[in-house]
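Student: what would the 3D arrangement of this be:
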Amino acid sequence: MIQRKRTLLLLAAGLTLAAGKSWADDKAKDNATPTPKAAAAAPAKAAKGDSPTITAMKAALALDEAGKFDDAIAAFEKMGVLKSKKMEAWRLNNEALTYIHANKSDKALPLLEKATETDPTNYVAWNNLGTTYEGANDLDKAKDAYQKSIDAATTAGASTAKAQGNLDALQARLDKKGGKKADDSSDDTSKAPNDKKADQKK
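Tutor: Numbering: from 1, shown residues only. From the prediction side, this is the model:
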């Protein structure tokens, strides 16, 4: 009896860990963080006591995990704007990550911006926004988003390791780039990300 209970606990833990892999973005995928456990249990089946919102979130996440990105996005959209600002921020964050998994980061950016606007305490969304800005080469905004993730996580008493690691890596990249001469014409390419960013907001 005890052995069986232990096996079931290990299986449940394994499902949660396996599911967590699909909620990370790419650099994005390596540097983002999963959704809260209540909203992100691996099975798409509704557990006893789950609210309709949690059940719908699980179903959409399961579609994303299965690589059915268009269906997952449709499922997140079908949920509509949620009354709870915290859950709405998670819905936006998760939909954004689905777009990232589908290689459509340009569509993820406005969703992550909206997620952090809706719930500024969501340090996961701030971190994911930072990685998306960094992918778009908008490095100042990326640094700001990582710092806001760190601040929000600190306030929540949560780990800052992911965002701090991202910020440190970005700063090292900028320091390395700073070794070039100030008048180096290669720095003129910094105008391109601004054009790209404008396109993303359309």
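Student: hey, let's count contacts and neighbours off CA atoms from now on
Tutor: Fine.
Student: could you tell me which residues within stretch 154-171 count as buried?
Tutor: By 16 or more other C-alpha atoms under 10 Å, the buried positions in stretch 154-171 come out as 160, 162-164, 166-167, 170.
Student: stretch 128-142 too?
Tutor: In stretch 128-142, counting by 16+ other C-alpha under 10 Å, buried: 128-139, 141-142.
Student: mind putting those into JSON lines with pLDDT?
Tutor: Below are the buried residues of stretch 128-142 laid out as JSON lines (pLDDT from 0 to 100):
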{"residue": "128", "pLDDT": "97"}
{"residue": "129", "pLDDT": "97"}
{"residue": "130", "pLDDT": "97"}
{"residue": "131", "pLDDT": "96"}
{"residue": "132", "pLDDT": "96"}
{"residue": "133", "pLDDT": "97"}
{"residue": "134", "pLDDT": "96"}
{"residue": "135", "pLDDT": "94"}
{"residue": "136", "pLDDT": "94"}
{"residue": "137", "pLDDT": "95"}
{"residue": "138", "pLDDT": "96"}
{"residue": "139", "pLDDT": "95"}
{"residue": "141", "pLDDT": "97"}
{"residue": "142", "pLDDT": "97"}
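Student: with secondary structure as new columns, can those residues be given to me in CSV?
Tutor: Output for these, formatted as CSV (DSSP: H, G, I helix; E, B strand; the rest coil):
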residue, secondary structure
128, helix
129, helix
130, helix
131, helix
132, helix
133, helix
134, helix
135, helix
136, coil
137, coil
138, coil
139, helix
141, helix
142, helix
